[in-house]
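>>> I would like the atomic coordinates for the input below:
(chains A, B, C and D)
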Number of protein chains: 2
Amino acid sequence: MATIRDVAKRAGVAPITVSRVINNSGYVNEQTRARVEAAIADLGYLPNVLARSLRSRRTNTLGLILTDISNPFWTTVARGVEDAASDAGFNVILCNTDESVVEQDKYLHVLVQKQVDGVLLVPARSAVEPVKFVQSQNTPVVVLDRRIPNSQTDAVRCDSEDGAYQLTRLLLSLGHRRIAMLSGPRGVSTAEDRVAGYRRALLEAGVEVDTALVYYGEFSLESGYAMTGQMLARTPRPSALFAGNNFIAIGALRALRDAGLRVPEDIALVGFDDLPADLVVDPFLTVAAQPAYEMGRQATELLLARLSEEAPAVYQEIVLPTTIVVRRSSGQALE
Amino acid sequence: MATIRDVAKRAGVAPITVSRVINNSGYVNEQTRARVEAAIADLGYLPNVLARSLRSRRTNTLGLILTDISNPFWTTVARGVEDAASDAGFNVILCNTDESVVEQDKYLHVLVQKQVDGVLLVPARSAVEPVKFVQSQNTPVVVLDRRIPNSQTDAVRCDSEDGAYQLTRLLLSLGHRRIAMLSGPRGVSTAEDRVAGYRRALLEAGVEVDTALVYYGEFSLESGYAMTGQMLARTPRPSALFAGNNFIAIGALRALRDAGLRVPEDIALVGFDDLPADLVVDPFLTVAAQPAYEMGRQATELLLARLSEEAPAVYQEIVLPTTIVVRRSSGQALE
DNA sequence: TTGTAATATGGTAAGCGTACCAGGAAAACG
DNA sequence: CGTTTTCCTGGTACGCTTACCATATTACAA
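Below is the predicted model of the structure:
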């Protein structure tokens, strides 16, 4: 473990000169530079980035807090984040909260203490405090995917409200009037925005919103399965089902299959979040697809841009459009 | 940004005493502790972990280098790693190499310079040098998923040879004699081990190995698609297809569909790596499933165990079994 | 010739905790 | 009562690099 002093001694210069060579900063004579580089090579010297970061107050590390990397939507977001970070010479610390505020806060504290240069946060709930905490430590935050009302931050997300509106309109145009909505948790903006879009479409079409058909659960397969079971007990049975995310959709599909119902013949199904094209041989679900990779990438680029600014931030909110992809699960128009 | 000195001043003690309170080390009088804790709370003090790490030579951070987090197999491994790390109070820096040795080496250098306490490496190629480099910096490594012949390291992987052997035997038992093998890159142990298991099964059954039916490509959808195209041009056409990983299997399925062939009626298909149960409504592929989560978890636990040992390592190699999951894609016995 | 800028290099301290060593007071022990 | 042990606290230096300030030489214009 050679240090910069060892290199300096060997090259017959001061440590600071070695530092200049390494960082290509300030003036260094060509011959001196060569001597230093030779010494570095001889000793196999590698700078201790911790010491550098302590002094320079830059770690070239970002924190990414999301709910669960196992969900392919987040996987794709994470890949976008890592790619953008890597391109800029940054590393990413990955954190899964599983929607737990407690876990989220633990991670936020650790990240701040590790002096990450910035945080990409998929907030477990809509509270502003976690964001304020990070900002109070002079660490910039970009809020990803979900809204936090009244927060002063940069944010990158998709237009859940509009995506849900479009999907619901699609179902309405096919003749459906009883559409069940299986959403995620209350207090999570994407879950609520999707319900809002659904309601707007119904109201606009003059269809009464039956609150008994609107479910708030978890963004999980189990919850999708359970909500579908409850939904099927309603009479008359809804003719279409809106799944609030990809896991809910899969849970719903399983529940429908277990109930002996065919999709779309017996009941139509649409969902939020597409599965990556690479994972599916024969895509079947009609969905509102979100540009997950782009979200990750743009959020990271926004965060990195903040780091190189001195001016106080004019917070930006980037809302990416969703794309309705019509496939078989939404079925034909009802006769 | 209060420092430990600020806290010390406010509590009327020396910085070291504050340190003792924070780390629960040494003796601290109860009243002193209370005063210090009050000062910490008043100032909103958070220790600077960089400074601590510089002194203590511990970062509580691990590096995870894999090929591509987008592949659900790696996603699951990563989740296992992060869970195990998190349980032990460690964070994980995520790195994607896309099978590039250049990227891999970049990441290894950065991780070492960032003083990570250990590295989990899915090696892009079977060379020992990258591992030796990390070890030369006194950073322990666990090699994940792939073998590196002649390396002195801990390793956790699945038994690819045996999994391939079992799968091939399954096909043989169904009456197949012309079985095409679509594998990953030469120089990647999992690709080669799977070919080896395939050969062993054939030899054991007295079936001649037709080298024209063994393809080495990439572990990607595109490669699977392309290899399948080539394979279909062979006469007589193979009656079964062995896909070397999940992406190759999906590429193969698409190519077969595009060629108007039905699976398993026209051609049987088996693959390596299962898709996570949560992602598939109706599993179809017969596969050798690897315990991806367990691999990640055990590799991490092994790495963490190394960190708390002073004795020179007796390197361990953990080989987890694969599970053959028979589904429809392998078809019935040929008549 | 003098002033100014560009080039080149170094000293010192700071960034923030903790390892190590020391020392004093109180409690326990023979 | 002297000695040992336990309890409690602090000083100093170190981990390694870089920010900041200072100095010195050369080059070139005024």
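>>> for the rest of this, base every contact and every neighbour count on C-alpha atoms.
OK.
>>> for DNA strand D, what are the nearby residues on chain A?
Neighbours of DNA strand D within chain A, by Cα under 7 Å from any atom of the strand: A:1, A:3-5, A:15-16, A:19-20, A:22-23, A:46-49, A:51-53, A:55-56.
>>> what about DNA strand C: which of those residues touch it?
Checked against DNA strand C using Cα under 7 Å from any atom of the strand, those give the following subset in range: A:15-16, A:51-52, A:55.
>>> show me the residues of chain A next to DNA strand D that map onto helices.
Under the assignment DSSP state H, the residues of chain A next to DNA strand D contribute A:4-5, A:15-16, A:19-20, A:22-23, A:49, A:51-53, A:55-56 to helices.
>>> need the contact list for A:R254.
Under the criterion of Cα atoms under 8 Å, 6 or more residues apart in numbering or on different chains, the neighbours of A:R254 are A:225, B:281.
>>> next one: it relative to DNA strand D, how far apart?
If you measure A:R254 against DNA strand D using Cα to the nearest atom of the strand, to the nearest Å, the figure is 56 Å.
>>> same check, this time on A:D87
Here the distance between A:D87 and DNA strand D works out to 20 Å (Cα to the nearest atom of the strand).
>>> does A:P283 count as helix, strand or coil?
When the structure is reduced to helix, strand and coil (DSSP: H, G, I helix; E, B strand; the rest coil), A:P283 reads as coil.
>>> please spell out the ChimeraX selection for the buried subset of the residues of chain A next to DNA strand D.
If you want just the buried ones from the residues of chain A next to DNA strand D in ChimeraX, going by 16 or more other Cα atoms under 10 Å in any protein chain shown, the selection is:
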select /A:4,15,19,22,46,47,48,49,51,52,53
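>>> where do the strands sit along chain A?
Secondary structure of chain A (DSSP state E): strands located at A:61-66, A:91-96, A:118-121, A:141-144, A:154-158, A:179-183, A:214-216, A:240-243, A:268-272, A:286-289, A:317-320, A:323-325.
>>> mind putting the ones you listed in CSV, mean pLDDT, distance to A:M295 and mean neighbour count included?
Formatted as CSV, the entries for the strands of chain A read as follows, by pLDDT from 0 to 100; distance: least, Cα to Cα, whole Å; neighbours: other Cα atoms under 10 Å in any protein chain shown:
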stretch, mean pLDDT, distance to A:M295, mean neighbour count
strand A:61-66, 98, 13, 26
strand A:91-96, 98, 16, 24
strand A:118-121, 97, 11, 26
strand A:141-144, 97, 8, 26
strand A:154-158, 97, 6, 24
strand A:179-183, 98, 21, 28
strand A:214-216, 97, 25, 20
strand A:240-243, 98, 21, 28
strand A:268-272, 97, 15, 28
strand A:286-289, 97, 12, 26
strand A:317-320, 97, 8, 17
strand A:323-325, 97, 14, 18
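>>> can you redo the ones you listed as a markdown table with distance to DNA strand C?
Rendered in a markdown table, the data for the strands of chain A read as follows (distance: least, Cα to the nearest atom of the strand, whole Å):
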| stretch | distance to DNA strand C |
| --- | --- |
| strand A:61-66 | 17 |
| strand A:91-96 | 20 |
| strand A:118-121 | 17 |
| strand A:141-144 | 20 |
| strand A:154-158 | 26 |
| strand A:179-183 | 43 |
| strand A:214-216 | 43 |
| strand A:240-243 | 47 |
| strand A:268-272 | 44 |
| strand A:286-289 | 44 |
| strand A:317-320 | 31 |
| strand A:323-325 | 46 |
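>>> possible to save the ones you listed as JSON lines with distance to chain B?
Formatted as JSON lines, the entries for the strands of chain A read as follows, by distance: least, Cα to the nearest Cα, whole Å:
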{"stretch": "strand A:61-66", "distance to chain B": "9"}
{"stretch": "strand A:91-96", "distance to chain B": "4"}
{"stretch": "strand A:118-121", "distance to chain B": "14"}
{"stretch": "strand A:141-144", "distance to chain B": "17"}
{"stretch": "strand A:154-158", "distance to chain B": "20"}
{"stretch": "strand A:179-183", "distance to chain B": "17"}
{"stretch": "strand A:214-216", "distance to chain B": "20"}
{"stretch": "strand A:240-243", "distance to chain B": "14"}
{"stretch": "strand A:268-272", "distance to chain B": "14"}
{"stretch": "strand A:286-289", "distance to chain B": "15"}
{"stretch": "strand A:317-320", "distance to chain B": "21"}
{"stretch": "strand A:323-325", "distance to chain B": "19"}
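>>> just put these in CSV and tack on distance to A:E103.
Output for those, formatted as CSV (distance: least, Cα to Cα, whole Å):
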stretch, distance to A:E103
strand A:61-66, 10
strand A:91-96, 8
strand A:118-121, 12
strand A:141-144, 17
strand A:154-158, 21
strand A:179-183, 23
strand A:214-216, 22
strand A:240-243, 26
strand A:268-272, 26
strand A:286-289, 28
strand A:317-320, 26
strand A:323-325, 32
